[in-house]
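Engineer: sequence first, then the predicted structure:
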Amino acid sequence: MKKDATTTDESPSRLIDAKIAELDDWRGKTLAHIRMLIRQADPEVVEEWKWRGVPVWSHAGIICTGETYKSVVKLTFAKGASLDDPSALFNASLEGNTRRAIDLHEGDDIDQDAFKALIRAAVALNRASSR
């Protein structure tokens with residue numbers, strides 16, 4: 001993972017695999033779990049690798065990114081402000097007009113059904129916007 005992703009010929013999915021393996025703590029496990037939930041919610045999701053090492057999940061546009069920091073895994077939804085969030089999963093970047101984020105800290109659980117519903121809603125919004 002030490003190489004800049006833009007200098008490799010690896011697929012985005014392999015780069016995400018490597019990122020998860022490199023994060024040999026709770027952050028890697030959290031990112032792997034979130035990735036699994038995204039794939040379950042949208043089997044047609046496209047994995048991308050952008051901005052020098054950020055996993056991105058897309059379908060008719062960006063759904064969300066999966067950034068990892070020392071004390072948080074941040075899932076930023078590109079059009080989160082336009083999504084209904086009845087389970088109040090969004091807990092960060094709430095002041096903006098476009099994006100919303102979910103910050104996960106060590107030991108946090110996520111409502112899996114609500115998260116998958118949010119992924120499906122983001123895909124539906126992307127599809128509606130691309131028509």
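Structural biologist: Now that the structure is in, tell me what you want to look at.
Engineer: so what secondary structure elements neighbour the strand ranked longest in the chain?
Structural biologist: Ranked by number of residues, the top strand in the chain under DSSP state E is strand 62-68. Judged by 3 or more C-beta pairs under 8 Å, 6 or more residues apart in numbering; DSSP states H and E, the packing partners of strand 62-68 are helix 26-41, strand 54-58, strand 73-77, helix 112-129. C-betas here are computed from N, CA, C, even on glycine.
Engineer: contacts only, for Leu37.
Structural biologist: Contacts for Leu37 (C-beta atoms under 8 Å, 6 or more residues apart in numbering) come out as 110, 112, 115-116, 119.
Engineer: put the buried members of the residues you listed into a PyMOL selection.
Structural biologist: Buried residues among the contacts of Leu37 (16 or more other C-beta atoms under 10 Å), as a PyMOL selection:
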select buried, resi 110+115+116+119
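Engineer: among the contacts of Leu37, which one lies nearest to Leu83?
Structural biologist: Ile119 (9.8 Å; C-beta to C-beta).
Engineer: looks like that closest one contacts Ala41 (just checking).
Structural biologist: Yes. Ile119 lies in contact with Ala41 (C-beta atoms under 8 Å); the separation is 3.8 Å.
Engineer: ok, the residue nearest to Ile110 when sequence neighbours are not counted - how many residues close by?
Structural biologist: Excluding its sequence neighbours, the residue lying closest to Ile110 (C-beta to C-beta, 6 or more residues apart in numbering) is Leu104, at 6.5 Å. When neighbours are counted by other C-beta atoms under 10 Å, Leu104 registers 24.
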